[in-house]
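Novice: Need a 3D model of the following:
(one chain, ligands or ions: 1)
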Amino acid sequence: MLTGNEVRSKFIEFFESKNHKHFESASLIPDDPTLLLTVAGMVPFKPFFLGQKAAPTPRVTTFQKCIRTNDLENVGRTARHHTFFEMLGNFSFGDYFKKEAISWSYEFITKILEIDKESLWVSVFTTDDEAEELWISECNFPKERIVRLGEEDNWWAAGPTGSCGPCSEIYVDLGVKFGGDENSKLGDEGTDDRFIEIWNLVFTEWNRMEDGSLEPLPKKNIDTGAGLERITSVLQKKTNNFETDLLFPIVQAMGDIAGVKYGTSEKIDFSLKVIADHVRAVTFLVNDGVIPSNEGRGYVLRRILRRAVRHGRLLGVKNLFLFEIINVIVNLMKDSYKDLEGNSKHIKKVVKIEEEKFSNTLDQGIQHVMNAIEEAKESQKDYLPGEITFKLYDTYGFPYELTEEICEENGIKIYKNEFDEKMEEQRNKARSSREIIMEKGQDSFIETFFDKYGKTKFTGYDKLVETGKILHISKIKENTYMIITDKTPFYAESGGQKADNGTISIGTSVGKVLDVQKQKDIYIHTVKITDGVSDFINGIEVQMKVDKSRRVAMAKNHSATHLLQKALREILGDHVQQAGSLVTPERLRFDFNHYEPVTDEELEKVERLVNIQISKTLPSNIRYMSMEEAKETGAMALFGDKYEDIVRVVSFGDFSTELCGGIHVENVSEIGLFKIVSETGIAAGIRRIEAQTGFTAYEGIKTMEKIMGSISKKLKTTSSKLEEKVEKTVDELKSSQKELEELKLKLSGYEVASLFKEVREIHGVKVLIKKYENKDGSSLRDIIDKVKNKLGSCIVILGSDNKKAIFTVGVTKDLTSKIKAGDLVKQLAIIAGGNGGGRPDFAQAGGKDGTKVREALNKAEEILTERL
Ligand code: SER
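Specialist: Sure, this is the predicted structure:
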């Protein structure tokens, strides 16, 4: 019996023997802004299917890691749902078509995998007579086991528009014990678990247009996909994918951690399967540079990871466990995915941080549930409504199953259908933003232009001046035109590097090149022409001249970006991957994945390492080679470049080697100086470094120096003694401040002391009545406290005229039976047009009219004289 790993390699070997080239699995992050994740084996090849790019070779085979999350909740419940899975595929780009695709798939299944011929069924699209005939003539396939299915099953499209076509699917019949009866056919109701689809052959020959119509693709293509986990489960005669040797070691390892055994209860199996599936997805997502966050791929990762942790809890595991499972996965898959082992430390670190965070969430969640239960009980209720159970899930990330468990223990009811309703509402909201696979509409102008003239010849790597012929000119807006020429020295914006500027001229008529963009390798210049536009006509030759100083400044920044990337990897680790970059004449910006801020010390090391390379005067070496050769040089590449035929490799000495189409210096010494300007976080797990080079960096430093100079001057010292002086000054400032505080304290002591002179006795009771101006409430309160402390038994009545009136009355406890502060303050406030009250020992109140403060205080004295 073949192992899962053997199925994978046999598939590749088989198609290599049919002259296919094996490409490595592309990243889970597709080079396609319309796609969230790589959801099928064909995703990396979309441009070839659509004819947007020429395929480097007509026949390709891959095993491709994929993630689909549309059925997340089903994972673990069914035999075959996964988030992460591997797809085996063979692809033809305008080369072979149906006949070969059908006969080779049959050959592989029956000869290599040796699956029983009698158990096979196939489906073809309703109208696809050709496919049916080929199954019969090429494979001798019995007609009675060929079923015609409609669009829902047998039409495959990468999205609402774009390449698509009918397909033919191959099924294995597992037998009557999985549904139906002796006479059941593929497609009959109730036989879904019995007829297992193992391979989908798509005959990609159509392009679905925006209006829904189909146009034939320039070339007919083949896209096939066979789920590795399914094929393996059929071969190994397992009833579900998790029992194959691709996944079962993970299930077992988790069982050991939790001290439970697979097969003892449905609940336990469910959790073990979820964990086995989800940790594979988590491992590979992080491996490809995804970091947990609240949006996009980061959110997909977070949800999957949390679901795994939650199922760990359901199995009774309280400690962190994901890293142990990751070890198992790395061991199982490292031979097929070469970068996995090297990245495993990084993967575990990222996962551990998130797992820890979520474990805390779980603990807090339990607190929230307890509070909700408490509240329900207090208001005599015995149930929690859906809003609350959903809020616990949605806002606090607390799993419903746990809410249910805790409620049960506390005799509180909750209803799953209420929760589900809320969930459904939320899902409907999220659906529109979920991954949709869409092709970008093709610009028909560019299409037509390309067919007529082909690519623009770019000569700018060697030349800054070129004579080109205008092939197209059209007006964009007032004085601004779009010009396409046969040749151009202008670099079009790409790979983060901004476009060249410069001029396009005919005699004395000059246009300013503001921007250059390329589409399908056609260079489109945006040109401002103020005078002589009538000279610029199709077919005429123009002088094209690149602005050299701008170009040179960008070359420095671009080469420095390469040195920076390498330095970051050396100092921070190999997990550092480019997440975006921008090269302008003024500065460079480099975004990369790293889970915590880069420390000052690390930044200094990085900056120093780059400058050391500059001082080593490393020469640049630019070579063109095949992808294979490039890989041997250890070139760093972004996944998008992976399938180009011939690649451009830029090296600086043996320090840095990258695939890159940009403009670079000839020797790194031209960079002169490299200075990091800032380091910030721009998204969860993504950091950004901005830096400057050459003269701009020098000017930055010069500015700093000037600032230092002027500070030194102000502090009456020299730059070399500045630090000492600043320290001394700061110390002095601190002690002056301390002294000031002490003085203030003393002063307020004096103020209060002087007050005591004004204390009088009314019928033997110590009384202080005093009027202030512009004193706020808290100062008045302060005075009252101090006086009360000092005098022991007394009554203090303070008023302040702040335009408005404010009164504060304090009465020591022994006297409150005679005079209540609250009552008294009220009487005073009324006089000043206000109202108020308060406690018997202390009260504060206000009135509109500050001029009445004196009158009110006189009244106070009268009252006291009467009552005491
Ligand atoms: N693209 C097709 C699928 O995903 C065949 O590879 O099923």
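
Novice: secondary structure element for the residue most central in space within the chain?
Specialist: Residue closest to the mean C-alpha point of the chain, counted by C-alpha atoms, centre = their mean, is Gly298 at 4.4 Å. Per DSSP states H and E: Gly298 is located in helix 296-314.

Novice: separation between the residue sitting furthest away from the middle of the chain and Glu132?
Specialist: Relative to the C-alpha centroid of the chain, counting by C-alpha atoms, centre = their mean, His763 is the outermost residue, at 78.3 Å. Distance check for His763 against Glu132: by C-beta to C-beta, to the nearest Å, it reads 118 Å. From N, CA and C alone the C-beta is placed, and that goes for glycine too.

Novice: for Thr680, same thing?
Specialist: 61 Å.

Novice: Could you do Arg194 as well?
Specialist: 22 Å.

Novice: likewise Glu138?
Specialist: For Glu138, the distance to Glu132 - C-beta to C-beta - is 11 Å.

Novice: quick one, what contacts the residue in the stretch 151-300 of the chain that the ligand sits nearest to?
Specialist: Closest residue of the stretch 151-300 of the chain to the ligand, C-beta to the nearest ligand atom: Gly225 (2.4 Å). Neighbour list for Gly225: Ala40, Gly41, Met42, Met87, Leu88, Gly89, Trp199, Asn200, Val202 [criterion: C-beta atoms under 8 Å, 6 or more residues apart in numbering].

Novice: Same question for Gly165.
Specialist: Gly165 neighbours (C-beta under 8 Å, 6+ apart): Trp155, Trp156, Val202, Phe203, Thr204, Glu205, Trp206.

Novice: If we use 10 Å, what do you get?
Specialist: 49, 125, 128, 154-157, 201-208, 214, 217, 220-223 (C-beta atoms under 10 Å, 6 or more residues apart in numbering).

Novice: I figured Asp515 hits Ile483, correct?
Specialist: No. With contact defined as C-beta atoms under 10 Å, Asp515 does not reach Ile483; the gap is 11.3 Å.

Novice: picking up where we left off before, what pairs with the helix or strand containing the residue of the stretch 151-300 of the chain closest to the ligand, parallel or antiparallel?
Specialist: Using DSSP H and E, Gly225 falls within strand 214-227. Here strand 214-227 is paired, per DSSP bridges, with strand 84-93 (antiparallel), strand 195-208 (antiparallel).

Novice: Just the CA trace of that strand, in PDB.
Specialist: Extracted in PDB, the C-alpha atoms of strand 214-227 (Å, rounded to 0.1, in the frame of the first residue of the first chain):
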ATOM      1  CA  LEU A 214     -18.300  33.000 -23.400                       C
ATOM      2  CA  GLU A 215     -15.500  33.700 -25.800                       C
ATOM      3  CA  PRO A 216     -13.000  31.000 -26.800                       C
ATOM      4  CA  LEU A 217      -9.600  31.400 -25.100                       C
ATOM      5  CA  PRO A 218      -6.700  31.900 -27.500                       C
ATOM      6  CA  LYS A 219      -5.500  28.400 -26.700                       C
ATOM      7  CA  LYS A 220      -7.200  25.400 -25.200                       C
ATOM      8  CA  ASN A 221      -5.800  24.400 -21.800                       C
ATOM      9  CA  ILE A 222      -6.000  21.600 -19.300                       C
ATOM     10  CA  ASP A 223      -6.300  22.100 -15.500                       C
ATOM     11  CA  THR A 224      -6.600  19.000 -13.400                       C
ATOM     12  CA  GLY A 225      -6.900  18.700  -9.600                       C
ATOM     13  CA  ALA A 226      -6.700  15.600  -7.500                       C
ATOM     14  CA  GLY A 227      -7.100  16.000  -3.700                       C
END
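
Novice: For that strand, list every residue counted as buried.
Specialist: Leu217, Lys219, Lys220, Asn221, Ile222, Asp223, Thr224, Gly225, Ala226, Gly227 (16 or more other C-beta atoms under 10 Å).

Novice: List buried residues within the contacts of Gly165.
Specialist: 49, 125, 128, 154-157, 201-208, 217, 220-223.

Novice: tell me, which of these make contact with the ligand?
Specialist: Among these, proximity to the ligand is found for Trp156, Val202, Asp223 (C-beta under 6 Å from any ligand atom).

Novice: Let's have these in JSON lines, adding pLDDT.
Specialist: Converted to JSON lines, these look like this (pLDDT from 0 to 100):
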{"residue": "Trp156", "pLDDT": "89"}
{"residue": "Val202", "pLDDT": "96"}
{"residue": "Asp223", "pLDDT": "96"}
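
Novice: ok, back up a step: tell me which two of the buried residues of strand 214-227 sit farthest apart.
Specialist: Farthest apart among those by C-beta to C-beta are Lys219 and Gly227. That separation is 26.8 Å.

Novice: As a check, name the ranges of all strands in the stretch 651-800 of the chain.
Specialist: Assigned by DSSP state E, counting those that start in this stretch, the stretch 651-800 of the chain shows strands spanning 656-659, 674-683, 686-693, 760-762, 765-773, 795-802.

Novice: What ranges does the stretch 351-500 of the chain have for its helices?
Specialist: 386-394, 400-409, 416-431, 444-453 (DSSP state H, counting those that start in this stretch).

Novice: for the ones you listed, which one ends up most surrounded?
Specialist: helix 386-394 (a mean of 19; mean count of other C-beta atoms under 10 Å).

Novice: roughly how far is it from the heart of the chain?
Specialist: 26 Å (C-alpha atoms, centre = their mean, to the nearest Å).

Novice: circling back to that earlier point, between Asp515 and Ile483, which one's more packed in?
Specialist: Ile483 (24 against 18; other C-beta atoms under 10 Å).

Novice: Next, find the distance separating that one from Lys520.
Specialist: 17 Å.

Novice: And for Arg208?
Specialist: Counting by C-beta to C-beta - Arg208 and Lys520 are separated by 20 Å.

Novice: Equivalent analysis for Pro58, please.
Specialist: From Pro58 to Lys520 the distance is 20 Å (C-beta to C-beta).

Novice: quick one, which of Thr680 and Glu132 is more surrounded?
Specialist: Each of Thr680 and Glu132 has its neighbours counted (other C-beta under 10 Å); Glu132 has more, 20 against 12.

Novice: And the residue lying closest to Ile769 once chain neighbours are set aside, how close does it get to Gly833?
Specialist: Once flanking residues are discounted, Ile769 sits nearest to Ile797: 4.7 Å by C-beta to C-beta, 6 or more residues apart in numbering. According to C-beta to C-beta, Ile797 and Gly833 sit 18 Å apart.

Novice: neighbour-wise, which of the two wins?
Specialist: Neighbour totals were compared for Ile797 and Gly833, and Ile797 leads with 26 against 14 (other C-beta under 10 Å).

Novice: Now do the contacts for the more buried one.
Specialist: Here Ile797 is in contact with 767-771, 784, 807-811, 819, 821, 824-825, 828, 856-857, 860-861, 863-864 (C-beta under 10 Å, 6+ apart).

Novice: Restricted to helices, list the residues you listed.
Specialist: Here DSSP state H is the test, and these give Ile784, Ala821, Leu824, Val825, Leu828, Ala856, Leu857, Ala860, Glu861, Ile863, Leu864 as lying in helices.
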